[in-house]
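Participant: Make a model of this:
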Amino acid sequence: MPLIVDQVGQFSASPLGQFRDLKPWELTAGSAQFIERLLGQLGDDYSVTAGIAIHASAIIDPTAAIKGPAIIGPGCFVGSGTLLRGGCWLDADCVLGPGTELKSSFVFRGSRLAHFNFVGDSLLGSDVNLEAGAVIANHRNEWPDSAISFVYQEGRIDTGVGKFGAVVGDRVKIGANAVIAPGAILAPGTIVGRLSLVDQAPVDLA
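Facilitator: Numbering: from 1, shown residues only. Model (predicted):
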C-alpha cells in the first residue's frame, strides 16, 4: 500500500526515494539512522558538525536548538526557540517558525510551520502550511495499549509502534490550534479548519 508516494509527490525523486519501500512509521521510527546515511551523500554546499548538516543558504536563529542527526536544506529558515530532535530532515525552502518543535520527521520543499507547533514522527509533503499552535501528535497516552492504529480507505492499519504522527500530503493546510491525532493520512490538498480535531482511530479504540 503506497502510503507515502500517493501523498507526497516529490518523495520518489528526493534523497528519501531510496527508502520508498518502507512504511511511514518505519521511516520515522528509524529517522536517525536514515538521516545519518543521508549525511554521507551531501555536497560541499553543506557544513556538517556533530551530525548536523546545514546548507550554506539556510538561516538558523542563534536561539534555535538542533540535536543531530539533522539535515537543513537550501533556503530554510529555523526561527527563535525552535527545537529539532530525534532525527529531522528539511528539504529546500522550509520554514520552522518561533517556538516550533519537530521530532523524528521529514518535511518537504516549501512547507511552513508558523510558530508554536509540535510535529512528531511525521512526513509532511511539499507546500504544507500549519498555522499557529497546530499540533500533529504522535503518542496515544489514553490507550492501554499505546501502539498506533488508524483507519485509512476503510481499512484498519495496525502500525505496531508506539509513536507515529501522520503522513500529510502536498498542499495541505492545517488551521490554528487544530490537532491531528496520532495515526493519520491526510490526502493532498486537504484543509483542516481552525480548532479542529482529525482523529482516524478505529471505532473500537476511539
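
Participant: Give me the buried stretch members for stretch 152-162, please.
Facilitator: Neighbour counts over stretch 152-162 (16 or more other Cβ atoms under 10 Å) mark 157, 159, 161-162 as buried. Bear in mind the C-beta positions are built from the backbone N, C-alpha and C, glycine included.

Participant: Tell me the one of the residues you listed nearest Pro188?
Facilitator: For the buried residues of stretch 152-162, the closest approach to Pro188 (Cβ to Cβ) belongs to Ile157, at 18.9 Å.

Participant: mind listing the helices for this structure?
Facilitator: Here the chain has its helices, by DSSP state H, at 24-29, 31-39.

Participant: chain center to the last one, what's the gap?
Facilitator: In other words, helix 31-39. 15 Å (Cα atoms, centre = their mean, to the nearest Å).

Participant: go on, stretch 183-195?
Facilitator: The chain centre lies 14 Å from the centre of stretch 183-195; the measure is Cα atoms, centre = their mean.

Participant: now stretch 46-56
Facilitator: The answer for stretch 46-56 is 20 Å, by Cα atoms, centre = their mean.

Participant: Repeat that for stretch 113-122.
Facilitator: Distance of stretch 113-122 from its chain centroid, counting by Cα atoms, centre = their mean, is 8 Å.

Participant: Over to stretch 176-183?
Facilitator: In terms of Cα atoms, centre = their mean, the centre of stretch 176-183 is set 13 Å apart from its chain centre.

Participant: Can you give the contact residues for that stretch?
Facilitator: With Cβ atoms under 8 Å, 6 or more residues apart in numbering as the test, stretch 176-183 has contacts from 131-140, 148-150, 157, 159, 163-166, 168, 174, 186, 192-201.

Participant: Of the residues you listed, just the buried ones, PyMOL syntax please.
Facilitator: Those of the contacts of stretch 176-183 that count as buried under 16+ other Cβ under 10 Å are selected in PyMOL with:
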select buried, resi 131+132+133+134+135+136+137+138+140+148+149+150+157+159+163+164+165+166+168+174+186+192+196+198+199+200+201
